[in-house]
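Asks: Got a sequence here, can you build the structure:
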Amino acid sequence: MSSTTDSSVVLHEPTEDQPTGEVVLRLEDLVVEFPAGAGEIVHAVSGINLEVRRGETLGLVGESGCGKSTTGRAIMQLPRPTGGAVHFDGRDLASLSAEEVRKLRPKLQMIFQDPISSLNPRRRIPDIVGDPLVVWGRGAEKATIVPEVLRAVGLDLDQVADRRPHQFSGGQCQRVSIARALVLEPEVLICDEPVSALDVSVQAQILNLLEDMKARYGLTLVFIAHDLGVVRNISDRVAVMYLGRICELGPTEALFDAPVHPYTRLLVSSIPSMEGAQRGELGTGEMPSPVSPPSGCRFRTRCPLATERCAAAVPEMREVAPGRVTACHHPILDTPASAVAGDSTTNGTAPAPADS
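Replies: Sure thing, here's the model as predicted:
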């Protein structure tokens, strides 16, 4: 628990009628595509299926350009998905009008990677935090709620009352961003690389703060990051994404200790350690363009286990062990991660480290 928060402040608490394991957010065949000019299409997200349970932290990890941030924004309907569905509290957001989606936004909030640029530079901190209340016709509650939320994230109203974002550090601005998201008492908080722009020591403080806020307000977190260490520390389950598709999903410790998808295995092996192989030993390789992704399994061009079947057929997500789901024709079920990292006979190259 962070020592900077005020444990006496509670905006709302999880209630007994929220069952453990209830699905609060479901993605079904989610597709997001963008025009790239000259008639080309960027296939940013390609038919992913994912469930987020109430009260959990689901980590979404992958290399830059894999589509994880686009997935987070698509959940928020920013932009609206090209295809598929996003179900929030049992409602298909794609079937709702823009006004109906707007009315759901208080329960579905997002914090962003760059905390300073995500805040209005001309507004004072109490106004930034309180503006959502004004927008939703709750301006009369600002005087009560804003000081409470600021204290909850470790900021004192008297110290920030006349100050603007440029007068704060990145970590303090991220606290302001979290406070702004919390004033509307959301159910789900989408965290898009919330600590990647911060110093390592400050990252730990913000992660502790998010854990505190999750416990205090009954939040469900979708935590998007490229730093495997950060994802491992905060997530209950982890989904690994590659070139617009989910390739593996499982409980955090099981996934990191014994990943079953070759991409996850090589990604985990790239984490710097005293014993394990490093990037130079594994090779690098480049992710193909999302404009023209490979046929079949999209990781096959970099996979040490690829066969002709991998080019011919798209692997379906399937359970290969209790709680372990992967999209792979050749899942690794009995080999430690270190063995793949140290195997000089593999015929492919490993991805660049996820935290590079």
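Asks: Give the bridge partners for G59, please.
Replies: G59 forms beta bridges with F223, V238, as assigned by DSSP bridges.
Asks: That one: neighbouring residues, count only.
Replies: Other residues within reach of G59, judged by other Cβ atoms under 10 Å, total 26. For the C-beta atoms, the positions are set from N, CA and C on the backbone; glycine is no exception.
Asks: wait, doesn't it sit right on N233?
Replies: No - using Cβ atoms under 8 Å, G59 is not in contact with N233, being 9.4 Å away.
Asks: Map the structural domains onto the sequence of this structure.
Replies: 23-235, 259-341 (automatic domain parsing).
Asks: for this protein, what spans make up the helices?
Replies: Secondary structure of the chain (DSSP state H): helices at 68-75, 98-104, 125-135, 142-152, 157-160, 170-182, 200-217, 228-234, 252-257, 262-269, 279-282, 308-312, 337-341.
Asks: Put together CSV for the domains of the chain, with mean pLDDT and distance to M241 on each row.
Replies: Formatted as CSV, those follow (pLDDT from 0 to 100; distance: least, Cβ to Cβ, whole Å):
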stretch, mean pLDDT, distance to M241
domain 23-235, 94, 4
domain 259-341, 82, 10
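Asks: Pull the contacting residues for the residue positioned nearest the centre of the chain.
Replies: By Cα atoms, centre = their mean, the chain has its centre lying nearest to I224, at 1.9 Å. For I224, the contact set (Cβ atoms under 8 Å, 6 or more residues apart in numbering) comprises G59, L60, V61, K68, S69, T71, G72, I190, C191, D192, E193.
Asks: next one: A197
Replies: Q113, D114, P115, G170.
Asks: can you tell me how far it sits from S169?
Replies: Distance, A197 to S169, by Cβ to Cβ, to the nearest Å: 11 Å.
Asks: Check E248 too.
Replies: Per Cβ to Cβ, E248 is found 36 Å from S169.
Asks: Between these two, point out the one with more neighbours.
Replies: E248 (27 against 13).
Asks: For the residue nearest to that one when sequence neighbours are not counted, give me phi and psi.
Replies: In space, not counting the residues next to it along the chain, E248 is nearest to H261; the distance is 4.1 Å by Cβ to Cβ, 6 or more residues apart in numbering. The phi/psi pair for H261 (degrees, to the nearest 10) reads phi -90, psi 140.
Asks: surely H261 meets L249?
Replies: No - H261 lies out of contact with L249 (Cβ under 8 Å); the separation is 9.5 Å.
Asks: list residues touching both of the two?
Replies: V240, T326.
Asks: quick one: which of these two has more around it?
Replies: H261 (30 against 25).
Asks: contacting residues for that one?
Replies: By Cβ under 8 Å, 6+ apart, the residues touching H261 are V240, C247, E248, F299, T326, A327, C328, P331, I332.
Asks: Please pick the buried ones from those residues.
Replies: V240, C247, E248, F299, T326, A327, C328, P331, I332 (16 or more other Cβ atoms under 10 Å).
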